[in-house]
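*Asks:* Predicted structure and sequence below. I'll ask about it afterward.
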Amino acid sequence: MALEILEPGWLASLQDLGRPAYGRFGLTTGGSMDAFAHRAANAMVNNPPEAALVESGPARLALLAHCDLLMAACGAGFRLWVQGRSIPLWMAFLVRRGEWLLLEPHGTGTWVSLAVYGGVDVAVVMGSRTTNLAAHLGGLNGRALQKGDRLLCREVPQPLRALAGVSLPPHQRPAYELNPTLPVLPGPQSQCFDAQAWQTFLSGEYLLSPSSDRTGYRLEGPALTASAGADVLSEGMLPGCIQVTGSGQLVVMMADCPPTGGYNKIAVLSPAGLPILAQCVPGLSLVRFVKTSPAEALANLRAQAAVLDKLRKRLE
Amino acid sequence: MIDCMEKSSLVDIHPMGLSGLLVTLGKTIDPALNQRVHALDQALCDSAPPGWIENIPGYATLLVRFDPLLVESACVETWVRETMPSLPAYPIDAGRLVEVPVVYGGDAGPDLPDLARRHSLTAQQVVELHTAPLYHVYMMGFMPGFAYLGGLNLALATPRLEKPRIRVPAGSVGIAGAQTGVYPIESPGGWNLIGRTTLPFFDPSAAEPFLLRPGDRVRFIAAEVLDGA
């Protein structure tokens, strides 16, 4: 009972919702880059949110099914073929034994979450199946997926085959776009930046740098200068924190954000905006920021959670 | 009493997005201040409400992480504020004492001879200076299991290597600037390597994967000083 990797995608790895509660020991939480797509894909195949799935960046990811599987691919920037049939993203589908499946880069976006009914069966390491690529921990031998890897999974039981076709319409997904304006909340060092720096930050247009990765998305644009120097004493941080480096450039911390850091954090992304930034395209996307309030940020997060709840309840 | 009030007036609580509160107790690297971070951490861990995820101690800060869909930020802040005044006096020696046996010099510590020469010391004197202090784990970060240790004798402070090594073995004991530390996993690195320990600082398969915790005290013990060092 397996899913065999024919073409390995880009930085494709097994991910769940991360390995929490070890931040105090210096260990990254990690988890899927687009947590919304992750949760939606799992919901569509009747998995709990924390089930492990394959997450890949923009390159051809091809797999061969060695048993009948119920699957769903959610995310942006890919199109999906199953044995030559075109299948939309954001929809549960069946793959029969011996059929191949291909996800290829197409359109705007960067990450795809490919879930399979039952979750990918791999050992739990320190409370999670997530791959921590930097620490070579979890997932499949702590590394990115390779051609020839066989992912253990479960054949879909007969009654659940009826879930094929369950989908999430576009208006219920995050508003993915190439050049988004992302809502931010003031960060812990927001006051180290004067009115002019804030003006620059909120009016500037930032190119997502090609040297971005799962740890941080680097932005190229107008530099910001802190009035009190670039460094703070090392302190805790979390995904969404927007750090201003010594040279005044911005780095938005992403899923594999280290638990501590020592740069000023001018702002923190509204959590509902994280999947939207995650799907931006390095080297192409131009990003802007706009101030929001905690109440609005929470309302947006609740709205995303409600969509996922509804999707899950519809299946029960 | 007055002391206590002065300290609490310095406390700053700032949200870090929707899912974090950063509690700042000061602005300096100071063992006593850092002990208050660990005291607050402990007290909060002992009384955590549903929705709390974890605390991450810094030098002078504590980041409290929570799920904003399960607990309101205002409730978390109230919880933190109510916990502060009841903090017990937290003695400087409250953490566990962890002894770390080190083989100094030779292949285990290839930079020991250069480091000794730079400071006009013998290798033996470097080892004596390095094993004398009781180091304090201010916080952890940088890589899993890496402890930011305070207490290095400044006579041993040494700039990083000009050319970092591509591979530093796990367990390597190094000095960089005014810091000393142990590489918990193999990684690239520019610290001056003076020795190596076989104690696992990070073992994902162990029931307790990390040797050290924030707030611990550490003493290095010279298991051996290799010839030629």
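*Replies:* Right, received. Where do you want to start? Numbering: from 1, shown residues only, chains lettered A, B, ... in the order given.
*Asks:* just the helices in the chain please.
*Replies:* In the absence of a named chain, this looks at chain A. A:35-44, A:195-203, A:274-278, A:294-315 (DSSP state H).
*Asks:* was after chain B, sorry
*Replies:* Counting by DSSP H, the helices of chain B are B:2-9, B:31-45, B:73-83, B:112-118, B:123-131.
*Asks:* Residue A:266: which of those helices is closest?
*Replies:* helix B:73-83 (19.5 Å; Cβ to Cβ). Every C-beta, even on glycine, is put in place using the N, C-alpha and C of the backbone.
*Asks:* and residue 53, how many residues sit next to it?
*Replies:* Assuming you mean chain A. The number of residues packed near residue A:53 is 28, by other Cβ atoms under 10 Å in any protein chain shown.
*Asks:* ah, I was thinking of chain B
*Replies:* By other Cβ under 10 Å, the residues close to residue B:53 number 19.
*Asks:* residues in contact with it?
*Replies:* Applying Cβ atoms under 8 Å, 6 or more residues apart in numbering or on different chains, we find residue B:53 in contact with A:20, A:21, B:19, B:65, B:66, B:67.
*Asks:* Would you convert those into JSON lines that also reports pLDDT, distance to residue A:83 and neighbour count?
*Replies:* Converted to JSON lines, the contacts of residue B:53 look like this (pLDDT from 0 to 100; distance: Cβ to Cβ, whole Å; neighbours: other Cβ atoms under 10 Å in any protein chain shown):
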{"residue": "A:20", "pLDDT": "88", "distance to residue A:83": "39", "neighbour count": "17"}
{"residue": "A:21", "pLDDT": "92", "distance to residue A:83": "42", "neighbour count": "17"}
{"residue": "B:19", "pLDDT": "97", "distance to residue A:83": "42", "neighbour count": "23"}
{"residue": "B:65", "pLDDT": "98", "distance to residue A:83": "44", "neighbour count": "22"}
{"residue": "B:66", "pLDDT": "98", "distance to residue A:83": "45", "neighbour count": "24"}
{"residue": "B:67", "pLDDT": "97", "distance to residue A:83": "41", "neighbour count": "14"}
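*Asks:* Pull the most distant pair out of the residues you listed.
*Replies:* Across the contacts of residue B:53 (Cβ to Cβ), the longest gap, 13.8 Å, separates A:21 and B:19.
*Asks:* just for chain B, where's the confidence low?
*Replies:* By pLDDT under 70, the low-scoring segments of chain B are B:1-10, B:89-93, B:228-229.
*Asks:* Point me to the residue of it nearest chain A.
*Replies:* Ranked by Cβ to the nearest Cβ, the top residue of chain B for proximity to chain A is residue B:63, at 2.7 Å.
*Asks:* any idea how far that residue lies from residue A:176?
*Replies:* As defined by Cβ to Cβ, to the nearest Å, residue B:63 lies at a distance of 30 Å from residue A:176.
*Asks:* Next: residue B:52.
*Replies:* For residue B:52, the distance to residue A:176 equals 31 Å [Cβ to Cβ].
*Asks:* any idea where the strands of the stretch 51-200 of chain A begin and end?
*Replies:* For the stretch 51-200 of chain A, the strands defined by DSSP state E, counting those that start in this stretch cover A:53-65, A:69-75, A:78-82, A:85-87, A:92-95, A:100-105, A:112-116, A:150-152, A:181-186.
*Asks:* Residue of the stretch 151-300 of chain A closest to chain B, please.
*Replies:* For the stretch 151-300 of chain A, Cβ to the nearest Cβ, closest residue to chain B: residue A:236, 2.7 Å.
*Asks:* That residue contacts residue B:17, correct?
*Replies:* No - contact criterion Cβ atoms under 8 Å: residue A:236 and residue B:17 do not qualify, at 11.7 Å.
*Asks:* Can you pull out the low-pLDDT segments for chain A?
*Replies:* For chain A, the stretches with pLDDT under 70 are A:230, A:316.
*Asks:* Next up, phi/psi of residue B:49, please.
*Replies:* phi -80, psi 160 (degrees, to the nearest 10).
*Asks:* ok, for residue A:122, nearest residue in space, not its chain neighbours?
*Replies:* Leaving aside its sequence neighbours, residue A:122 sits nearest to residue A:129 (Cβ to Cβ, 6 or more residues apart in numbering or on different chains; 5.2 Å).
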